[in-house]
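*Asks:* below: sequence and its predicted model.
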Amino acid sequence: MLDTFEILTTSGVVLWSRTYASVSPTVVNNFITDVFIEEKSSVAGAKNGASAAENPPYKHDQHTLRWTFEKELGIIFVAVYRSLLHISWIDKLVDNIRAIFVGLYRDELTKPNTTIVECLTFDQYFDQQLRELEQAGGKSEGRAPKNEVLSEDTGDEPPSPPNLTRGQQAQRGASPGSSPNVSRPGTPSASHLLVAKAGPVAKMSRRAKKMQNTNSALASSGDEGPARKAKAKPVKRGRKWDADGLADEDDGIQLDYSIPTLTSDSEVEAGARPGAVEKVDASTWGSQAKGKFVLKDLGDEVNSILADADAKKNAASKTDAPSGLVGTGLSAIGGLFRNVVGGKVLTKQDLDKAMKGMEEHLLKKNVAREAAVRLCEGVEKELVGVKTGSFESINAKIQKAMEASLTKMLTPTSSLDLLREIDAITSPSATSLRKARPYVMSIVGVNGVGKSTNLSKICFFLLQNKYKVLIAAGDTFRSGAVEQLAVHVRNLKELTAREGGQVELYQKGYGKDAATVAKDAVAYAAQEGFNVVLIDTAGRRHNDQRLMSSLEKFAKFAQPDKILMVGEALVGTDSVAQARNFNAAFGSGRSLDGFIISKCDTVGDMVGTLVSIVHATNVPVLFVGVGQHYSDLRNFSVKWAVEKLLSST
Amino acid sequence: MSLQTLKDLLEVSLTPSPTVIILGLVFCVVAPILLHFLYSTATPYTTLPSVLLLGPPGAGKTALTTLFERGPNQPPNGPVAKTHTSQVPSSIELSVNSDDPSTSYKTNLDSEGATAKKFLLVDTPGHPKLRAQSLVHLNSAEPTIKSSLVSDGGAKSKIKAVVFMVDAAALADGDALPSAAEYLYDVLLTLQKRFHSRNGSRAPASMPVLVAANKLDLFTALPAALVKSNLEAELGRIRAARSKGLLDSGVGQDEVAAGEEGDWLGGDGSEKFSFAQMMEFDVDIDVIGGSVIGDGPGAEKWWKWIGERV
């Protein structure tokens, strides 16, 4: 069963919640962090207005979360249930609740400077929806739950006159536009869209058909009046025919009694209906016992809200068509004016061209296409429907949004203070029950990106901070690799002898298993009281399965505290694949801890590789190599990178 | 006589001479601008002062916000709303008794008939990826926050004080302390740089900072004094680590000297860091304990502190 259902704002306040079994708040917190803030899920997070079915479910521990997001108001609807259960109607529930909640409380939600939304009465709406969907889910899988519900409301009423059904059937069978819908079990919105598209055709053919069998049509309409008066709930009476399960495919349309233009029922019916409704309303409303009718009343309201929401969706998709020559001309001029002055509500069309320019700009900065496209899509989604400030052009707005989104992406989630981490491992505080051990760092990467060079740069930095460092020559494959490290070690020894750093090389020659060498080196370091072990590895092509698979064993044997990957700033689109493959190479429980981007001095402004790899892996960049000297290693500064990426020269 | 001069004046103003044309043009250009400034400054109620609420995630920022907001008129489902991780900042309008700031946030000022002073409490997300957005507001010499952030209007609201909230219970066990201290370090450093970046002789307005040690209702929570000393020690450690660490990318060799001076938090040359060192930069730091929920010391002290400063 459902564990909990929550409606919360993006600012973190829970507006309404219903709990059936207590769920730790960390479940929802993790969901927010992963999906919205860090955007870990494969499909980019906050899609506005996508129904719950389109959003991938989020799984945490034993819980599954289905969710939907209303961007305009900044509200998230989340349903949490046990992963073991399969609840078919959960998407529907989330979507319906969203439509109802937004419909009911839109005004309150847009109030500035407050977090209070009075929604105590929402309980009954939720209960009603839940009950409906539960029953619907139990009865049949094939039909849309809403239809089922409606037919059920009137289930206790006597069967309809046969000629009526026949009349309807005849009409329906004759209209080619709507007949394909019969077998479609989709959501009302889907069926609605279909009908809306086929609207004119269906209507035309229907009308033509009606001309032919005027008889049956008239008969049915004649019947309707009296039959309706006899019932307490005339609005629902239409669904009585559906109860037999033959003709309920058009229910989505009948629901739209609030919008006459959208109903594709015959005009005769449409005309007859309102009058009948009023009559009954006036005569029976007051005398009925309130208690009995509350539920049905609510169902009515809920359905009308849902229908409204659907209609709005339809209307939104329809408004693409220009309203007329004068209208478009005026709006075009207005748009141009707004472009300059600001205060324009951005639409997708406005943004399209500017976004293309931004994408082009990012590509020029050596950002991989995949990353550039996703970034731009994210920014576009964020901006659609946003008003520009006064005297703010679209381009300036996009620039700002892109800056924010790049900053957000490149900023690491946790602190990256290497020295503190080393201190915490090598000399743990008395209260923590850990034993002091050397801090192990290893460096991986493709051939020739500068693994050994960056390793010695890091070593130099550590030596300056008076650590005792052991360098392990894990490259037992390429001839000259060990000697190269030996040269580095000799240089470093000379350079830092004054400052009190100590460095040694641990090597076992060529041909040995690198993982074993690394393991021995760590053991040796622990024995000799080294603070830090730096392990060099052999360069490997990221798409070479045989070489990559040995990394898993390496991670298991050496148990590094940090695995850093060196990536070149020079490399282009391939960086994405490199980062992904290396990130996945260490087995399921381990991934990369950071990147070192080497050769940044050679690319100038084109530091797009940074973005590509962080985008691909969500692993932060730690260091940036900016030159040939030992001291040319820099902490990665997000501000610097964003400035470079957005600078236009 | 007077009629004659009037006539002359009229004649001069109507003759197409360059001076008249220029004067007319100048009037046309300047008048709307003057009018604009006149009107835009004459609407004081749009710029409420604001108090910025910062802190690591899970400290209780949003909970405090909802507590203060729901203070006077308690809804039936408890004074504090359930909260989750925030993604966007939000602001709420609060009012404090301007005669007596120590009035509880629970008292309804309308019914008491007291004169109320309104301000905005801006709650920010604490997630590390979203911190940069909050820190931007503190950057300038006169820290302002756009109230259009949350409501339409676009008027800028002046930040009067900063409340930095920490979870006193989590600080006890190691991992939370560095991340909280790191954030606080960034906040204080930004405030310190603000002091340096002043233009002219006028020093920027002092910026009081309240370190609110939350969750003192829990058994494992550290008392306010211990929170203070722990944070100070950790800040000192961060300061030392940063000075020893690598330079940031983008800092050229020639800028090294300039960069180093700006990154040292607090008084120069001092071995240990203490909050008192920040007084030098007009940043006044208080540490007060309290609790948003449970039967701890409550949030009255924080409210009083905020009330005195807006």
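*Replies:* Alright, I've got the coordinates. Here the structure is a predicted model, which is why all the values come from computation and not from measurement. Numbers count the residues shown, from 1 in each chain, chains lettered A, B, ... in the order given.
*Asks:* host element of the nearest residue to residue B:138 once chain neighbours are set aside?
*Replies:* Nearest residue to residue B:138, sequence neighbours excluded (C-beta to C-beta, 6 or more residues apart in numbering or on different chains): residue B:190, at 4.7 Å. Yep, even glycine has a C-beta here, placed from its N, CA and C like the rest. Assessed by DSSP states H and E, residue B:190 sits inside helix B:176-196.
*Asks:* after that helix, which helix or strand is next?
*Replies:* Remark: after helix B:176-196, the chain's next helix or strand is strand B:207-214, criterion DSSP H and E.
*Asks:* so what does the helix or strand that comes right after that next one touch, helix or strand wise?
*Replies:* Using DSSP H and E, the helix or strand that follows strand B:207-214 in sequence is helix B:224-244. For helix B:224-244, the packing partners by 3 or more C-beta pairs under 8 Å, 6 or more residues apart in numbering or on different chains; DSSP states H and E come out as helix A:418-426, helix B:176-196, strand B:207-214, helix B:256-263, strand B:283-289.
*Asks:* got the angle for the longest one vs helix A:418-426?
*Replies:* Which is helix B:176-196. Helix B:176-196 and helix A:418-426 are oriented at 160 degrees to each other (axes from the mean of the first three to the mean of the last three C-alpha atoms, to 10 degrees).
*Asks:* helix B:176-196 - what's its average pLDDT?
*Replies:* For helix B:176-196, mean pLDDT rounds to 84.
*Asks:* now do the buried residues in that helix.
*Replies:* B:176-195 (16 or more other C-beta atoms under 10 Å in any protein chain shown).
*Asks:* where does residue B:165 sit: helix, strand or coil?
*Replies:* strand (DSSP: H, G, I helix; E, B strand; the rest coil).
*Asks:* same deal with residue B:86?
*Replies:* Residue B:86 - assigned by three-state DSSP - is coil.
*Asks:* phi, psi for the residue lying closest to it once chain neighbours are set aside please.
*Replies:* Using C-beta to C-beta, 6+ apart and skipping residues adjacent in sequence, the residue nearest residue B:86 is residue A:12, 3.4 Å away. Torsion angles at residue A:12 (phi, psi; degrees, to the nearest 10) stand at phi 100, psi 0.
*Asks:* that's a strand at residue A:441, yeah?
*Replies:* Yes: Residue A:441: assigned to a strand according to three-state DSSP.
*Asks:* domain-wise, how is chain B divided?
*Replies:* B:1-42, B:47-309 (automatic domain parsing).
*Asks:* tell me which of those sits most buried.
*Replies:* Greatest average neighbour count among those goes to domain B:47-309 (a mean of 19), per mean count of other C-beta atoms under 10 Å in any protein chain shown.
*Asks:* in CSV, list the helices and strands packed on helix B:224-244 along with distance to residue A:625.
*Replies:* Formatted as CSV, the helices and strands packed on helix B:224-244 follow (distance: least, C-beta to C-beta, whole Å):
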stretch, distance to residue A:625
helix A:418-426, 15
helix B:176-196, 25
strand B:207-214, 38
helix B:256-263, 18
strand B:283-289, 36
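*Asks:* for the ones you listed, which one sits closest to residue A:381?
*Replies:* With C-beta to C-beta as the criterion, residue A:381 lies closest to helix B:176-196 of the helices and strands packed on helix B:224-244, at 28.7 Å.
*Asks:* so where's the stretch 51-200 of chain A uncertain?
*Replies:* Along the stretch 51-200 of chain A, segments meeting pLDDT under 70 span A:51-53, A:137-200.
*Asks:* show me where chain A has strands.
*Replies:* Using DSSP state E, the strands of chain A run over residues A:2-9, A:14-19, A:58-60, A:63-70, A:75-82, A:439-445, A:468-473, A:502-506, A:532-536, A:562-568, A:594-598, A:621-625, A:633-635.
*Asks:* which of the three states applies to residue B:161?
*Replies:* strand.
*Asks:* hmm, it is touching residue B:308, no?
*Replies:* No: taking C-beta atoms under 8 Å as the definition, residue B:161 is not a contact partner of residue B:308, at 9.2 Å.
*Asks:* which residue does the stretch 51-200 of chain A bring closest to chain B?
*Replies:* residue A:112 (2.9 Å; C-beta to the nearest C-beta).
*Asks:* next one: phi and psi at that residue?
*Replies:* Taking degrees, to the nearest 10 as the convention, residue A:112 sits at phi -80, psi 160.
*Asks:* what number of residues lie near it?
*Replies:* The number of residues packed around residue A:112, counting by other C-beta atoms under 10 Å in any protein chain shown, is 15.
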